[in-house]
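1. I need the structure of the sequence given here:
(2 chains)
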Amino acid sequence: MTLAETSEDDLVSRSRHGDREAYGLLVARHQEVAFRTAYVICGDATEAQDAAQEGFIKTYISLARFRDGAPFRPWLLRIVANEARNRRRSAGRREHLVALAAAQPDAGTASASAEVAVLARERRATLAAALGRLAADHREVLVLRYLLDLSEQECAAVLGCRLGTVKSRHARALTRLRAELADDPEEIAPDGHA
Amino acid sequence: MATPDLSHELHALRPATTWPPTPDLVATVVARLPQPAPAAAPRRAPRRLAIALLVALLATPTAAFALPGPRHAILDALGLRHVTVERRAAPADSAARDPHLGDRTTLAAATRAAGFVPRIPEALGPPSRVYVRGTTVTFAYNKPKPLLFAQAIGRLNHISLDKVIAVEAYARAVRVAGAPGMFLAAPHAYRWSDATGPLVRSGPALIWERGGRVFRLEGEPSIARAVAIATSAR
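-> Numbering: from 1, shown residues only, chains lettered A, B, ... in the order given. Next up is the predicted model:
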């Protein structure tokens, strides 16, 4: 078995004992989600890169405290998110959201008619705009949950709160999003049609 | 909780989301990892990893012949336990000029594919291009001169002991930061054991073993400069 085929638990164990190659593989596996998580929080690609890089190094240092058998990704994302928050504060808390659906006119509608594709694009743009109007804590939990596809446990790690808090914040964020859509003249109706 | 349609709409945004390109963090992070290791537990003894780098010296005019016995004495004396050397009668004629480096890729993708984090020679800096073929990773450099820097980790059962000859007359033994190596100034051919391509023609090359890994630097005719580059690959 090559190192690339090694389980994540084993890679973590090897890294803890100083195997830099094993840790390099962990970085390769998780750098995308780490970078994007940092980007969601600090809203700047350069700052996000620095946050992810520092997060990986601090995670390595902290492996001595890592509990055997625990999932590695939430541990990593918590540290990366803290780094990103520090940079967001130092950068004047720039409120910035990822470019959303409107940038991808044909996403998910490759086989649809032109009319359906246009409607789908408009729906995504409306939803993205409403998401962008939410308060930062509501927007973050929805972006992490839906656009980054993080688990609730991982969201809790990134947001630095309990699992129950994530669930309640998630529910409130969706309620708030629904209200934003209701206020929008191009509201998305419950049946999915404009 | 949200109504199912709103959750569905949010999920549908995911493939339509445009993110900034993810930077390749592997080399930078690994280079900055502090010593000592996070835990004080002793590192396990390195597994005997073997890669067979087949080097066929082209400079000999003699017919091919094999000396099955002296291989261990000769190459072990050099310290190159995972390299085999054979003599052939002018195999340059049939050696391929295409180096068969494999697929061009990123450092992160090469790390995942090869199963180890490639060492980067600090003397050369980040490579111009990265290739991966099997478990062999090759960096190509354009400056200061065209160079190839390759590395691989193999398995014991891949080692080849065929057609081994004395190499002292054709290869100069060197040490790379205390690790064994040899410098081949004359044109020769080589093939990584996990590659399926033909023997490839090579210019001057330095080959060394370090940490269970075989390295190969091609294109630097000066032994001193080649060793300096090799030493900087940590």
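
2. Only C-alpha atoms from now on, for both contacts and neighbour counts.
-> Noted.

3. For the helix or strand harbouring B:Ala224, give me every contacting residue.
-> Using DSSP states H and E, B:Ala224 maps to helix B:223-231. The contact list for helix B:223-231 (CA atoms under 8 Å, 6 or more residues apart in numbering or on different chains) reads B:Pro121, B:Glu122, B:Ala123, B:Leu124, B:Arg175, B:Val176, B:Ala177, B:Phe183, B:Leu206, B:Leu217, B:Glu220.

4. if we go to 10 Å?
-> B:120-124, B:149, B:172, B:174-179, B:181-185, B:204-208, B:215-220, B:222 (CA atoms under 10 Å, 6 or more residues apart in numbering or on different chains).

5. Give me the helices and strands touching the one helix or strand in chain A whose mean pLDDT sits lowest, please.
-> Lowest mean confidence among the helices and strands of chain A (mean pLDDT, DSSP states H and E): helix A:114-133, at a mean of 76. Judged by 3 or more CA pairs under 10 Å, 6 or more residues apart in numbering or on different chains; DSSP states H and E, the packing partners of helix A:114-133 are helix A:136-142, helix A:163-183, helix B:4-13.

6. So which bits of it are buried?
-> A:117, A:120-132 (16 or more other CA atoms under 10 Å in any protein chain shown).

7. do the same with stretch B:210-229
-> B:212-221, B:223, B:226-229.

8. Between which two of those residues is the distance greatest?
-> Between any two of these, the greatest separation by CA to CA is 25.5 Å, found for B:Gly212 and B:Pro221.

9. Measure how buried A:Trp75 is and give me the count.
-> Other residues within reach of A:Trp75 by the criterion other CA atoms under 10 Å in any protein chain shown amount to 18.

10. Ok, A:Ala156 next?
-> Counted by other CA under 10 Å, the residues lying close to A:Ala156 total 21.

11. So which residues of chain A form helices?
-> For chain A, the helices defined by DSSP state H cover A:8-16, A:20-42, A:45-61, A:72-90, A:114-133, A:136-142, A:152-159, A:163-183.

12. Mind checking the pLDDT average for the shortest one?
-> Confidence for helix A:136-142, expressed as mean pLDDT, is 89.

13. what's the answer for the longest one, then?
-> Model confidence over helix A:20-42, given as mean pLDDT, is 92.

14. Return the closest of the buried residues of helix A:114-133 with respect to chain B.
-> Using CA to the nearest CA, A:Arg124 is the member of these that lies nearest chain B, at 6.6 Å.

15. The closest one and B:Ala12 touch, don't they?
-> Yes - using CA atoms under 10 Å, A:Arg124 is in contact with B:Ala12, at 8.1 Å.
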